[in-house]
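Trainee: Here's a sequence, model it:
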Amino acid sequence: QLQLVESGGDLVQPGGSLRLSCTASGFTGRFPQIAWFRQAPGKEREGVSCMSRNGEMVNYVNPVKGRFTISRDDTKNTVYLQMNDLQPEDTGVYYCAAKFRGVWCDYDGMTHWGKGTLVTVSS
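Mentor: Numbering: from 1, shown residues only. Down below sits the predicted model:
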């Protein structure tokens, strides 16, 4: 059974950076499709970035384009989300999610979820 564990959340000042990690275990074969989501206080969870199973296709939602970068280290079974120029509106619990279907990457139909890591952007 696939398990996902996020880490790296912290309190950071506006303009600062963080790198989140999502480590996957309990699977064999090809890496699953991974997506990062976030949920701000009082708001619905939203997709942030995703990476296809082959790691060659990525997507970012408009609010994070140019600031966030998704990457993967297959030797560590870990997907990263590098977040730069963080702003208060980036505050929230960040989740990684996975599924084993699809060629591209998207934010629908995720079958496995981590427990999340808290990012707080505040001065």
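
Trainee: Just want the most central residue of the chain.
Mentor: Trp36 (2.6 Å; Cα atoms, centre = their mean).

Trainee: Show me what that residue bridges to in the sheet.
Mentor: Note on Trp36: beta-bridge partners by DSSP bridges are Ser49, Cys96.

Trainee: Identify each buried residue in stretch 115-123, please.
Mentor: In terms of neighbour count (16 or more other Cβ atoms under 10 Å), stretch 115-123 has its buried residues at 116-117, 119, 121. To be clear about C-beta, it is placed using only N, CA and C from the backbone, and glycine gets the same treatment.

Trainee: Could you work out the end-to-end span of it for me?
Mentor: 26 Å (Cα to Cα, to the nearest Å).

Trainee: Going along the chain, name the strands of this protein.
Mentor: Applying DSSP state E to the chain gives strands spanning 3-7, 11-12, 18-25, 33-39, 46-51, 58-60, 68-73, 78-83, 92-99, 112-113, 117-121.

Trainee: want to throw the ones you listed into JSON lines with mean pLDDT and distance to Asp106?
Mentor: Shown next, in JSON lines, are the strands of the chain (pLDDT from 0 to 100; distance: least, Cβ to Cβ, whole Å):
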{"stretch": "strand 3-7", "mean pLDDT": "98", "distance to Asp106": "17"}
{"stretch": "strand 11-12", "mean pLDDT": "98", "distance to Asp106": "28"}
{"stretch": "strand 18-25", "mean pLDDT": "97", "distance to Asp106": "17"}
{"stretch": "strand 33-39", "mean pLDDT": "98", "distance to Asp106": "8"}
{"stretch": "strand 46-51", "mean pLDDT": "98", "distance to Asp106": "6"}
{"stretch": "strand 58-60", "mean pLDDT": "97", "distance to Asp106": "7"}
{"stretch": "strand 68-73", "mean pLDDT": "97", "distance to Asp106": "14"}
{"stretch": "strand 78-83", "mean pLDDT": "98", "distance to Asp106": "15"}
{"stretch": "strand 92-99", "mean pLDDT": "98", "distance to Asp106": "9"}
{"stretch": "strand 112-113", "mean pLDDT": "98", "distance to Asp106": "15"}
{"stretch": "strand 117-121", "mean pLDDT": "98", "distance to Asp106": "22"}
